[in-house]
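Undergrad: heads up, no residue letters with this:
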């Protein structure tokens with residue numbers, strides 16, 4: 001039973017290869033037609049000599065002559081879109097019909113394949129007779145060297161028909177046949193004749209309602225992006241469709257990347273769902289404004305109206321498939337654009353320069369009144385940390401019965417740690433920097449596969465201890481410091497790198513912790529006592 005299935009597959013391959021051969025032999029077929037005209041004249045002559053006709057009969061039966069249609073052994077018969085009939089006495093290398101039926105009364109030296117049609121054989125087929133989504137009928141004079149294979153149909157063979165192997169029938173349930181006939185062949189997602197596709201459509205719409213209820217803010221942002229930049233969102237969706245498989249293949253080729261792949265796929269699915277809901281609402285809002293209906297300003301009603309409009313388009317043949325493809329790309333683009341827009345909004349503005357303290361006036365300087373001066377040596381200590389001395393007190397002494405007064409020293413400049421000067425890095429920018437580092441480490445680790453974990457450990461530990469950042473951190477303007485604002489030592493960097501591996505192993509929960517932590521710290525930050533700061537844009541590596 002394996003050989004008929006193999007022949008069926010070979011028949012499908014033959015359908016493509018013979019079509020290319022038919023195109024390349026177009027000129028040769030034209031020559032054959034001219035030869036057929038000459039052969040017709042010869043037949044008229046032979047008709048006047050019965051003995052010569054008898055001598056020519058074996059040659060025609062062997063396929064060496066072209067017969068009435070002029071099909072020689074080297075030329076396959078390939079037809080698309082209409083029926084074909086190979087008459088008795090005609091022969092062809094192979095017969096391939098797509099979108100039509102075939103009747104074989106002559107001889108086919110190789111296989112006869114019919115796709116989306118029926119095959120009737122009253123002649124000879126040198127290999128297999130295959131019908132895809134159609135039936136096969138074998139008459140009493142049918143001779144099939146191999147087997148008759150019907151995929152999605154039946155084989156009706158006369159008792160006198162001869163086959164090299166028993167017939168093979170691969171049938172499908174009626175609901176698949178109905179979908180294939182009314183949806184797939186007509187290029188539309190929905191069809192009134194197929195009931196189960198409407199059940200799936202209802203489940204999908206229910207999913208859209210759940211997404212609209214759980215993520216109202218992302219949907220609103222996506223609707224805004226569609227309103228402001230409709231063309232851009234479509235191009236972003238098209239780009240995401242093209243690049244997403246490449247990124248997934250690259251990630252799956254690595255050990256760590258294989259763990260990231262499910263999260264990337266989940267993020268794309270979520271963006272597609274949110275974007276599709278936003279697209280439906282956007283269509284509903286557009287129609288509401290066009291007809292001046294105030295009630296359609298409600299997002300839920302707009303969602304219903306947008307879904308109804310798309311459903312009508314989905315029923316139309318060919319147009320339904322085009323609309324489905326366009327809206328799928330457009331919805332994904334809206335979701336991805338909204339996600340990147342939220343990421344940009346999360347980026348902090350460049351912090352203002354800290355105010356510098358005015359220089360401390362000394363004794364005798366203008367603006368100091370009597371009793372406010374500070375005697376030489378009245379203040380001791382470094383400029384950044386001053387202590388008052390006894391001579392800083394002036395006025396009427398206590399021995400003279402006067403009231404002692406203390407002159408307040410000038411405010412010393414406040415030295416603030418980095419944690420109080422710059423904002424903390426957000427979740428998305430840290431994930432973007434981590435992705436850049438991951439790609440870089442993966443490329444380097446591919447050259448030394450057995451020791452790539454050590455390379456990754458050395459990369460992060462060394463750069464954190466040296467500059468407090470990585471290559472990805474430089475691109476995104478991020479820097480790692482201790483919680484007190486101090487520089488990251490080698491030991492702290494090593495502990496943070498090992499703890500980052502732990503944050504990744506536990507389904508990346510340690511990294512996701514950054515999104516909702518008030519200090520924007522992951523587990524590895526809390527373990528190592530570090531924070532990630534967002535530095536002013538354009539800070540080069542040498543200044544980190």
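TA: Structure's in. What do you need? None of these values were measured; they are calculated from a predicted model.
Undergrad: what segments of the stretch 151-300 of the chain are strands?
TA: Ranges of strands in the stretch 151-300 of the chain, per DSSP state E, counting those that start in this stretch, are 155-157, 162-163, 168-170.
Undergrad: can you tell me which of the ones you listed is nearest to residue 451?
TA: strand 168-170 (51.6 Å; CB to CB). (C-beta placed from N, C-alpha, C; glycine too.)
Undergrad: just name whatever secondary elements the closest one is in contact with.
TA: The contact analysis (3 or more CB pairs under 8 Å, 6 or more residues apart in numbering; DSSP states H and E) places strand 168-170 against helix 2-24, strand 148-151.
Undergrad: lowest average confidence across those, which one?
TA: The minimum mean pLDDT among those belongs to helix 2-24 (a mean of 43).
Undergrad: give me the neighbour count for residue 264.
TA: Here the number of neighbours of residue 264 (other CB atoms under 10 Å) works out to 16.
Undergrad: for the longest helix seen in the chain, packing partners?
TA: Taking DSSP state H as the criterion, the chain has its longest helix at helix 255-291. Helix 255-291 sits against helix 195-214, helix 216-228, helix 230-252, helix 299-315, helix 319-346, helix 427-447, with contacts defined as 3+ CB pairs under 8 Å, 6+ apart.
Undergrad: mind listing the helices for the stretch 401-544 of the chain?
TA: Secondary structure of the stretch 401-544 of the chain (DSSP state H, counting those that start in this stretch): helices at 418-421, 427-447, 452-467, 471-476, 490-505, 509-516, 523-528.
Undergrad: in TSV, list those helices along with mean neighbour count.
TA: Converted to TSV, the helices of the stretch 401-544 of the chain look like this (neighbours: other CB atoms under 10 Å):
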stretch	mean neighbour count
helix 418-421	14
helix 427-447	17
helix 452-467	18
helix 471-476	20
helix 490-505	18
helix 509-516	17
helix 523-528	21
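Undergrad: so which bits of stretch 126-145 are buried?
TA: 126-139, 142-145 (16 or more other CB atoms under 10 Å).
Undergrad: ditto for stretch 209-221
TA: 211-212, 215, 218-219, 221.
Undergrad: from start to finish, how long is it in a straight line?
TA: Stretch 209-221 has an end-to-end distance of 17 Å (criterion: CA to CA, to the nearest Å).
Undergrad: then stretch 464-480?
TA: End-to-end distance of stretch 464-480 (CA to CA): 7 Å.
Undergrad: do the same with stretch 158-177
TA: 26 Å.
Undergrad: if you count neighbours, what's buried in it?
TA: For stretch 158-177, by 16+ other CB under 10 Å, it's 161, 163, 165, 167-169.
Undergrad: stretch 518-535 - what's its average pLDDT?
TA: Mean predicted lDDT for stretch 518-535 stands at 89.
Undergrad: for it, which outside residues touch it?
TA: Residues from elsewhere that reach stretch 518-535, judged by CB atoms under 8 Å, 6 or more residues apart in numbering: 347-348, 418-419, 422-427, 429-430, 473, 477-483, 488, 492-493, 495-497, 499-500, 502-503, 509-511, 513-514, 544.
Undergrad: cool, stretch 151-166 as well?
TA: Taking CB under 8 Å, 6+ apart as the rule, stretch 151-166 contacts 3-4, 8, 118, 121, 130-149, 167-172, 177, 180.
Undergrad: just the terminal-to-terminal distance for that stretch.
TA: Start and end residues of stretch 151-166 are separated by 15 Å (CA to CA).
Undergrad: please produce a markdown table containing the helices of the stretch 401-544 of the chain, extended by distance to residue 194.
TA: Below are the helices of the stretch 401-544 of the chain laid out as a markdown table (distance: least, CB to CB, whole Å):
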| stretch | distance to residue 194 |
| --- | --- |
| helix 418-421 | 62 |
| helix 427-447 | 43 |
| helix 452-467 | 51 |
| helix 471-476 | 50 |
| helix 490-505 | 46 |
| helix 509-516 | 42 |
| helix 523-528 | 51 |
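Undergrad: what about these, which gets the closest to residue 290?
TA: helix 427-447 (36.5 Å).
Undergrad: tilt between the closest one and helix 319-346?
TA: Orientation check (axes from the mean of the first three to the mean of the last three CA atoms, to 10 degrees): helix 427-447 against helix 319-346 gives 100 degrees.
Undergrad: quick one: mean pLDDT over helix 427-447.
TA: 81.
Undergrad: return the member of the strands of the stretch 151-300 of the chain having the minimum mean pLDDT.
TA: Mean pLDDT values for the strands of the stretch 151-300 of the chain show the minimum at strand 168-170, a mean of 86.
Undergrad: from residue 151, how far out is residue 524?
TA: Relative to residue 151, residue 524 is positioned 56 Å away (CB to CB, to the nearest Å).
Undergrad: oops, could you answer that again for residue 180 instead?
TA: With CB to CB as the criterion, residue 180 and residue 151 are 11 Å apart.
Undergrad: shaky segments in the stretch 201-350 of the chain?
TA: Residues of the stretch 201-350 of the chain meeting the criterion pLDDT under 70: 255-257, 293-296, 342-350.
Undergrad: flag the shaky bits of the stretch 51-200 of the chain, pLDDT-wise.
TA: For the stretch 51-200 of the chain (pLDDT under 70), the answer is 51-74.
Undergrad: rerun at 50
TA: Applying pLDDT under 50 to the stretch 51-200 of the chain picks out residues 51-72.
Undergrad: how about the helices in it?
TA: Under DSSP H, counting those that start in this stretch, the stretch 51-200 of the chain gives helices at 174-179, 195-214.
Undergrad: redo those as a markdown table? Include distance to residue 106.
TA: Shown next, in a markdown table, are the helices of the stretch 51-200 of the chain (distance: least, CB to CB, whole Å):
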| stretch | distance to residue 106 |
| --- | --- |
| helix 174-179 | 31 |
| helix 195-214 | 43 |
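Undergrad: out of those, nearest to residue 451?
TA: Here helix 195-214 is closest among the helices of the stretch 51-200 of the chain (CB to CB), at 44.5 Å.
Undergrad: what comes into contact with the closest one?
TA: 175, 179, 183, 189-191, 219, 273-274, 276-277, 280-281, 299-300, 303, 307, 311.
Undergrad: how about it: buried residues?
TA: 197, 201, 208, 211-212.
Undergrad: for stretch 77-94, same thing?
TA: 77-79, 84, 86, 89-94.
Undergrad: which among the residues you listed gets closest to residue 339?
TA: Relative to residue 339, the closest of those is residue 78; by CB to CB it sits at 48.5 Å.
Undergrad: quick check: bridge partners of that closest one?
TA: Counting by DSSP bridges, residue 78 forms beta bridges with residue 96.
Undergrad: that one and residue 217, how far apart?
TA: As judged by CB to CB, residue 78 and residue 217 stand 57 Å apart.
Undergrad: ok, now residue 328?
TA: 23 Å.
Undergrad: how does the chain divide into domains?
TA: 2-171, 195-346, 419-543 (automatic domain parsing).
Undergrad: now distance to residue 238 too, for the strands of the stretch 151-300 of the chain, in CSV please.
TA: Converted to CSV, those look like this (distance: least, CB to CB, whole Å):
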stretch, distance to residue 238
strand 155-157, 45
strand 162-163, 50
strand 168-170, 37
